[in-house]
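Student: one predicted model, sequence on top.
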Amino acid sequence: MGEPLTVGVDFGTLSGRAVVVRVRDGAELGSAVFEYPHGVLDETLPATGRALPPEWALQVPADYVGVLRNAVPAALRDAGVDGSDVIGIATDFTACTMVPTTADGTPLCELPEFEGNPHAYVKLWKHHSAQPQAVRINELARTRGEKWLPRYGGLISSEWEFAKGLELFEEAPDVYAAMRHWVEAADWIVWQLTGTYVRNACTAGYKGILQDGQYPSRDFLRELAPGFESFVADKLEHPLGQLGSRAGSLTAEAAAWTGLPEGIAVAVGNVDAHVTAPAAQAVEPGQMVAIMGTSTCHVMNGAELREVPGMCGVVEGGIVAGLWGYEAGQSGVGDIFGWFVEHFAQDGHEQLTRLAAQQEIGEHGLVALDWHSGNRSVLVDHELSGVIVGQTLATRAEDVYRALLEATAFGTRKIIETFNSAGVPVTELIIAGGLVKNALLMQIYADVTNLPLSVIGSEQGPALGSAIHAAVAAGAYPDVRVAAEAMGSVERAVYQPVPAHVTAYDELYAEYTELHDYFGRGGNDVMHRLAARKRAVAKGRS
């Protein structure tokens, strides 16, 4: 028998990646990717060809099982190792991605009577059509003075469990009635591996409004929508598993899918951003990790509980035990760059980056808002939309591209400043995710935030982080912090802010802030009016 190994599986927006990791030192021995056959359903429902409304984003849960069947065995082959050496497996998902299921975990979309109903499918994290429900939740919580609201920066997101659940209750009562469990995908995939449903404490706290052991009350839910008062008891509530704990053992069926030994440890499910913090050895207060991909999630630990406006949540032990885990984020980052290249630029990312890098700061004469997918933090409003100011007939593709890069950096600075002002100081910014490869983008972030940028030492941070949790669940390390020290990887202060650049970006950031507050804090609600008109037109066509 060889050295002990673990497998980490990261379920992303378009694909799932499996990584085989050596427990002793975190060496990544092999990896494989499986692209979801159905991708993201945001235009039509494959079963019927039915057009989906704006702001919808669905997935097919069978695609996730395909990752277990394909990527895990392929990663073992790539590593050249025997599956018998693997002592544990762990998984992570982007939250909040929700699966409506029967009592035994069967997704409702797999039942013949519901395959044509879009509400029966997985509602992906970037499914934003529950914004009206989120607005009502927030308004009622403020009116009632609900004590849990400040733990989420004063706003509950349309991406989260309650808003999406209320949308399901109101728009598809037959699906809601048939649903026994409203399950985070992070927990559903662990259910497939173990045969046991364990609700992870991370998403329960950050996305499920579980604070101090309690969900929103029946009275609150009844006032929100009569008949919805039993949502927690009937659809949501379930025994919790703590991060790094063992959720169960790998079943014979799952062992056959994956090529792993039956009975090995399966860790409690987790969130991609949260598992990345240990992978980047960023588990101490002051270390903010920005996991940059299609969107960006910002996570960090704090020694004390603070109320940070617009944060996505703060949960005790939400990242590692003994500290308060904070989360914020930006709904669109890589998605914005990709959208621009796909629709408006003939040159690809590399060429646009090369041309943009030749410019002086401010040379393009533009400033943009990074709200093409709405604003997650600090405004928590998914009906906000993108803005580019300063375009002329001389504006070129690389000008707009650089302005969009800068806009996302300004959005991160806004988050950092909000944390600092709330008494949660950010002293180091660690970057993980696919966008770390763009050196221009990284330098812009260092200059805009005036912070040294460290970068994760792994190209597969979430999968490595999951492998770290698998090692803890298997008993190889006593806790996540110890495992992170042995298995995590980071390169410190790779990008340093340039003083002249910092000064130039301070001036542009002031313009960004003016636009941010004008459009985002009630100066002009044009974005909301346009979103309402768009919904009305779409509804009239349906």
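Tutor: Yep, it's here.

Student: now the lengthiest helix in the chain, how far from the centre of its chain.
Tutor: The helix spanning the most residues in the chain, taking DSSP state H as the definition, is helix 397-421. Its chain's C-alpha centre and that of helix 397-421 lie 18 Å apart, by CA atoms, centre = their mean, to the nearest Å.

Student: now do stretch 238-246: distance from first to last residue.
Tutor: Its first and final residues considered, stretch 238-246 spans 16 Å by CA to CA, to the nearest Å.

Student: hmm, back to that, please identify the buried residues of the longest helix of the chain?
Tutor: 397-416, 418-419 (16 or more other CB atoms under 10 Å). Backbone N, C-alpha and C define where each C-beta goes, glycine included.

Student: helix or strand right after it?
Tutor: Remark: after helix 397-421, the chain's next helix or strand is strand 428-432, criterion DSSP states H and E.

Student: who does residue 432 bridge with?
Tutor: Taking DSSP bridges as the rule, residue 432 bridges to residue 291.

Student: next, count neighbours for it.
Tutor: Using other CB atoms under 10 Å, residue 432 is surrounded by 32 other residues.

Student: cool, and residue 108?
Tutor: With neighbours defined by other CB under 10 Å, the count for residue 108 comes to 24.

Student: and what of the one 4 residues further on?
Tutor: Using other CB under 10 Å, the number of residues around residue 112 comes to 6.

Student: residue 7 now?
Tutor: 30.

Student: give the helix, strand or coil label for it.
Tutor: What DSSP: H, G, I helix; E, B strand; the rest coil gives for residue 7 is strand.

Student: what's the closest non-adjacent residue to it?
Tutor: residue 89 (4.5 Å; CB to CB, 6 or more residues apart in numbering).

Student: you'd agree the one you found is in a strand?
Tutor: Yes: the assignment for residue 89, made by three-state DSSP, places it in a strand.

Student: looking at it, residue 182 is touching residue 233, isn't it?
Tutor: No: Residue 182 is beyond contact range of residue 233, at 11.7 Å (criterion: CB atoms under 8 Å).

Student: okay, the two: which has more neighbours?
Tutor: When residue 182 and residue 233 are compared on other CB under 10 Å, the one with more neighbours turns out to be residue 182, at 24 against 11.

Student: now do that one against residue 225, distance only.
Tutor: 15 Å (CB to CB, to the nearest Å).

Student: do residue 211 as well
Tutor: Going from residue 211 to residue 225 by CB to CB gives 21 Å.

Student: tell me which of those two has more neighbours.
Tutor: Neighbours were tallied for residue 211 and for residue 225 using other CB under 10 Å; the higher tally belongs to residue 211 (21 against 16).

Student: one step back: average pLDDT for the longest helix of the chain?
Tutor: Regarding helix 397-421, the rounded mean pLDDT is 98.

Student: list the contacts of the nearest residue to residue 520 once chain neighbours are set aside.
Tutor: In space, and not counting its chain neighbours, residue 520 is closest to residue 379: 4.6 Å by CB to CB, 6+ apart. Counting by CB atoms under 8 Å, 6 or more residues apart in numbering, residue 379 makes contact with 155, 310, 516, 520, 521.

Student: got phi/psi on the second one?
Tutor: Dihedral angles phi and psi of residue 310 (degrees, to the nearest 10) take the values phi 80, psi 0.

Student: need the contact list for it.
Tutor: Here residue 310 is in contact with 153, 154, 155, 328, 377, 378, 379, 380, 415, 418 (CB under 8 Å, 6+ apart).

Student: next, work out how far apart the nearest residue to the last one once chain neighbours are set aside and residue 107 are.
Tutor: Counting by CB to CB, 6+ apart, residue 418 lies nearest to residue 378, which is 4.9 Å off, once chain neighbours are set aside. Using CB to CB, one obtains 34 Å as the distance from residue 378 to residue 107.

Student: residues in contact with residue 136?
Tutor: 166, 224.

Student: part of a strand, is it?
Tutor: No: using three-state DSSP, the assignment for residue 136 is helix, not a strand.

Student: please report how far it lies from residue 225.
Tutor: Applying CB to CB to residue 136 and residue 225 gives a distance of 8 Å.

Student: quick check: neighbours shared by these two?
Tutor: With CB under 8 Å, 6+ apart as the test, residue 136 and residue 225 both reach residue 166.

Student: what's across from the residue nearest to residue 7 in the sheet?
Tutor: Here residue 89, judged by DSSP bridges, has bridge partners residue 7, residue 266.

Student: that one: neighbour count?
Tutor: Neighbour number of residue 89 under other CB under 10 Å is 29.

Student: hmm, it is touching residue 6, no?
Tutor: Yes: with contact defined as CB under 8 Å, residue 89 reaches residue 6; the gap is 6.8 Å.

Student: gap between the residue nearest the centre of the chain and residue 206?
Tutor: Centroid-nearest residue in the chain: residue 94, 4.0 Å away (criterion: CA atoms, centre = their mean). Separation of residue 94 from residue 206 (CB to CB): 12 Å.

Student: and what of residue 149?
Tutor: Taking CB to CB, one finds residue 149 at 14 Å from residue 206.

Student: of those two, who's got more company?
Tutor: Remark: of residue 149 and residue 206, residue 206 carries more neighbours, 29 against 21, as counted by other CB under 10 Å.

Student: which one is that one nearest to, not counting chain neighbours?
Tutor: residue 313 (4.0 Å).

Student: confidence score at the one you found?
Tutor: 94.

Student: count the neighbours of it for me.
Tutor: Neighbours around residue 313, by other CB under 10 Å: 26.

Student: list the buried ones in the host helix or strand of residue 530?
Tutor: Assigned by DSSP H and E, residue 530 falls within helix 526-541. The neighbour-count check on helix 526-541 (16+ other CB under 10 Å) flags 527, 528, 531, 535 as buried.

Student: from these, which one has the minimum pLDDT?
Tutor: Among the buried residues of helix 526-541, residue 535 has the lowest pLDDT, at 86.

Student: that residue touches residue 54, doesn't it?
Tutor: Yes: with contact defined as CB under 8 Å, residue 535 reaches residue 54; the gap is 6.4 Å.

Student: the stretch 201-350 of the chain: helices as residue ranges?
Tutor: 201-206, 218-224, 231, 252-258, 272-279, 334-344, 349-357 (DSSP state H, counting those that start in this stretch).

Student: of all these, which one is nearest residue 540?
Tutor: helix 334-344 (25.5 Å; CB to CB).

Student: which parts of the closest one are buried?
Tutor: 334, 335, 336, 337, 340, 341.

Student: check stretch 493-502 too.
Tutor: So stretch 493-502, judged by 16+ other CB under 10 Å, has buried residues 494, 495, 497, 501, 502.

Student: and those residues, which of them are in helices?
Tutor: Per DSSP H, the buried residues of stretch 493-502 map to helices at 501, 502.

Student: need the buried residues of stretch 493-502 in JSON lines (columns: pLDDT and distance to residue 114).
Tutor: As requested, those are arranged in JSON lines below (pLDDT from 0 to 100; distance: CB to CB, whole Å):
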{"residue": "494", "pLDDT": "97", "distance to residue 114": "49"}
{"residue": "495", "pLDDT": "98", "distance to residue 114": "49"}
{"residue": "497", "pLDDT": "98", "distance to residue 114": "53"}
{"residue": "501", "pLDDT": "98", "distance to residue 114": "54"}
{"residue": "502", "pLDDT": "98", "distance to residue 114": "54"}
